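**Student:** task: produce atomic coordinates for the following.
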Amino acid sequence: MLFDIVFYTLGALLIMGGLVGAILPSLPGVPMIFGGIWLVAAVDDYRHLGLWWLLLIGTLGAVAVIVDFVAGTLGAKRVGASKRALWGASLGTLVGMFFGIPGILLGPFIGALLGELCSGTSVLRSAHVGIGTWIGLLLGTLVKLVISLVMIGLFGLAMLFG
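**Tutor:** Model (predicted):
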């Protein structure tokens, strides 16, 4: 009984922390949400959240993670970035992950900017591509937040009616 309360509390904390992580790039928000949901389901002996609920919620989580990784690159592509800028945005996203919030926010922008500069375009055009990349990141974060809320909503429905 005491362990159930501890694990339910830990699951709730993971879900709440995951919501914060859906906005702040320094936390793995979606995996935290899914982990919290899975923990609650396990403590509940999967009575309310069975395999199909977990697969649905997990699939949504996977989509959110994919969107998060490709959003900056898609933003750069939308403004007509060169292949070097797309590679730069992807590399900037990867490298930026190691430098906390500033790196995650600035990495794709700087990568796209440098990639576009290397392809021989003007500084103004390169900045335009960098801004497109950053807007893509913002839209990706919004999509990730919406999917996170849908995951939590499905969890609530399963717990109430499952």
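**Student:** all helices for this protein, in order.
**Tutor:** Under the criterion DSSP state H, the chain contains helices at 2-23, 29-43, 51-78, 83-96, 100-118, 123-161.
**Student:** dump the ones you listed to JSON lines, plus mean pLDDT and mean neighbour count.
**Tutor:** C-beta here means a position set from N, CA and C on the backbone, and glycine is covered the same way. Rendered in JSON lines, the data for those read as follows (pLDDT from 0 to 100; neighbours: other Cβ atoms under 10 Å):
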{"stretch": "helix 2-23", "mean pLDDT": "93", "mean neighbour count": "15"}
{"stretch": "helix 29-43", "mean pLDDT": "96", "mean neighbour count": "21"}
{"stretch": "helix 51-78", "mean pLDDT": "88", "mean neighbour count": "18"}
{"stretch": "helix 83-96", "mean pLDDT": "84", "mean neighbour count": "22"}
{"stretch": "helix 100-118", "mean pLDDT": "85", "mean neighbour count": "21"}
{"stretch": "helix 123-161", "mean pLDDT": "89", "mean neighbour count": "18"}
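**Student:** pull the residues that contact stretch 36-54.
**Tutor:** Outside stretch 36-54, the residues within contact range by Cβ atoms under 8 Å, 6 or more residues apart in numbering are 4, 7-8, 10-15, 17-18, 57, 151-152, 154-155, 158-159, 162.
**Student:** let's see that with 10 Å instead.
**Tutor:** Counting by Cβ atoms under 10 Å, 6 or more residues apart in numbering, the neighbours of stretch 36-54 from elsewhere in the structure are 3-8, 10-19, 34, 56-58, 61, 151-152, 154-162.
**Student:** try stretch 142-149
**Tutor:** Counting by Cβ under 10 Å, 6+ apart, stretch 142-149 makes contact with 15, 18-19, 21-23, 25, 29-30, 32-34, 60-68, 71, all of which sit outside it.
**Student:** for it, C-alpha coordinates in CSV please.
**Tutor:** Coordinates of the C-alpha atoms in stretch 142-149 are reproduced here as CSV (Å, rounded to 0.1, in the frame of the first residue of the first chain):
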residue,chain,number,x,y,z
LEU,A,142,4.0,23.8,-29.9
VAL,A,143,3.2,20.5,-31.7
LYS,A,144,5.1,18.5,-29.1
LEU,A,145,3.2,20.3,-26.3
VAL,A,146,-0.1,19.6,-27.9
ILE,A,147,0.8,15.9,-28.4
SER,A,148,1.9,15.7,-24.8
LEU,A,149,-1.4,17.1,-23.6
